[in-house]
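Trainee: generate a structure from the sequence data that follows.
(chains A, B, C and D)
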2 protein chains.
Amino acid sequence: MPKLLCHSDSSPCPLAHALDLIGDRWTLLIVRDLMFRNLHEYKDLLNSFEGISTNILADRLRRLVQAGLVKSVAHPESKTRKLYYLTPSGKSLIHVMIEIVKWSDEHVGTAKIPPDVAGQLEGNRDEFVRKVLEKLERWEAEHLA
Amino acid sequence: MPKLLCHSDSSPCPLAHALDLIGDRWTLLIVRDLMFRNLHEYKDLLNSFEGISTNILADRLRRLVQAGLVKSVAHPESKTRKLYYLTPSGKSLIHVMIEIVKWSDEHVGTAKIPPDVAGQLEGNRDEFVRKVLEKLERWEAEHLA
DNA sequence: GCAAACGCTTGCGTAACGCAAGCGTTGTTC
DNA sequence: GAACAACGCTTGCGTTACGCAAGCGTTTGC
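Mentor: Purely as a prediction, here's the structure:
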């Protein structure tokens, strides 16, 4: 596993420590797919929008598992496949994701939130969070039985 | 200026576009210093906790300025020095920063929010945001006159 | 007028990444 | 039951980004 730069030794700042985990171009995209796009298998993550390369995906999944944000179980129908899913720590990144997306929508502006999601985010955002988390729990109830 | 990986071509996702700007280990730390730590000069940013190297700092500042998150003005007392400060777009990253710090405090746990700040963040977070933004505006009133 | 400060830039070695091929196991087809 | 494909990775190689340290042009302080 490549080592990646680590601020944690020198910095007393929680932001810096968080960036050691999620401060790169790929990690949060994987979390997004696990959180919002209902993707749970390696091949699906690999074929997501941005075209992550396979070694990087393997590396980031390993880091996420090691950091306790993601877990995996054997696929119930196949011995070669795995199912990846977010732990509570991983799920709690939802608030970070939402803020980044809102900020991007307002200030980067080159990609917009789909109108239906935008509608859910305005007004009652807790409701949106609840819906997403419920969906994840339903998936878990179905697959981790 | 090194080119850095860019998702924006392939992805319809606002998160991916945001990560093109802030998805690295240094950018948000610079924003933090400009936002919370009252640092406004190159040398101060350079000497911040994490020890960014000078070429990376120059590069990131250039990107941030180009993206419209940061501006600079000549130092009123010196022709060699500059003052860097956040634009409204940059300031609005405060919500992202707060969520990351809260998440880090709860789930990474290797660096804690200072107790006084933690107190401010609990309960009335809007109040905290307002205080921070007011402080930045006071700085601007004083230096951009 | 000389040395230090300041905001960078440059050069070099190392680490991370993109790409593509390969590998071991399992599942499928005939 | 043998050949082939699917799957989750790993490996190797060339390229890009980064850490480090030195240097540079201008300005400032003495």
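
Trainee: what sits against the spatially most central residue of chain A?
Mentor: The C-alpha lying nearest the average C-alpha coordinate of chain A belongs to A:V31 (Cα atoms, centre = their mean; 0.9 Å). With contacts taken as Cβ atoms under 8 Å, 6 or more residues apart in numbering or on different chains, A:V31 has the following neighbours: A:I22, A:L64, A:L69, A:L86, A:G90, A:L93, A:M97. Every residue, glycine included, has its C-beta placed from N, CA and C.

Trainee: show the pLDDT at it.
Mentor: At A:V31, the predicted lDDT confidence score is 98.

Trainee: can you report how many residues lie near A:T54?
Mentor: Look at A:T54: counted by other Cβ atoms under 10 Å in any protein chain shown, it has 11 neighbours.

Trainee: where in chain A is pLDDT low?
Mentor: In the prediction, chain A carries no residues with pLDDT under 70.

Trainee: mind listing what A:L69 touches?
Mentor: If a contact means Cβ under 8 Å, 6+ apart, then A:L69 has A:L21, A:V31, A:L86, A:T87, A:S89, A:G90, A:L93, B:H107 as its contacts.

Trainee: mind checking which of those residues land in helices?
Mentor: When DSSP state H is applied, the contacts of A:L69 are split such that A:L21, A:V31, A:S89, A:G90, B:H107 fall in helices.

Trainee: was I right about the fourth one contacting A:V65?
Mentor: By that I understand A:G90. No. The criterion here is Cβ atoms under 8 Å, and A:G90 misses it with A:V65 at 9.9 Å.

Trainee: who's more crowded, these two?
Mentor: Taking neighbours as other Cβ under 10 Å, A:G90 and A:V65 compare with A:G90 leading, 23 against 15.

Trainee: state the distance from the more buried one to B:A16.
Mentor: As judged by Cβ to Cβ, to the nearest Å, A:G90 and B:A16 stand 19 Å apart.

Trainee: same thing with A:S48?
Mentor: According to Cβ to Cβ, A:S48 and B:A16 sit 10 Å apart.

Trainee: comparing those two, which residue is more hemmed in?
Mentor: B:A16 (26 against 19).

Trainee: contacts only, for the more buried one.
Mentor: For B:A16, the contact set (Cβ under 8 Å, 6+ apart) comprises A:L29, A:F49, A:E50, A:A111, B:H7, B:S8.

Trainee: so which strand or helix has it?
Mentor: Assigning secondary structure by DSSP states H and E places B:A16 in helix B:14-22.

Trainee: next, the angle helix A:14-22 makes with that helix.
Mentor: Angle between the axes of helix B:14-22 and helix A:14-22 is 120 degrees (criterion: axes from the mean of the first three to the mean of the last three Cα atoms, to 10 degrees).

Trainee: thinking again about what came up before, and the contacts of A:L69, which of them are buried?
Mentor: Taking 16 or more other Cβ atoms under 10 Å in any protein chain shown as the criterion, what is buried in the contacts of A:L69 is A:L21, A:V31, A:L86, A:S89, A:G90, A:L93, B:H107.

Trainee: how about the fourth one: what's its closest non-neighbour residue?
Mentor: Leaving aside its chain neighbours, A:S89 sits nearest to B:H107 (4.3 Å; criterion: Cβ to Cβ, 6 or more residues apart in numbering or on different chains).
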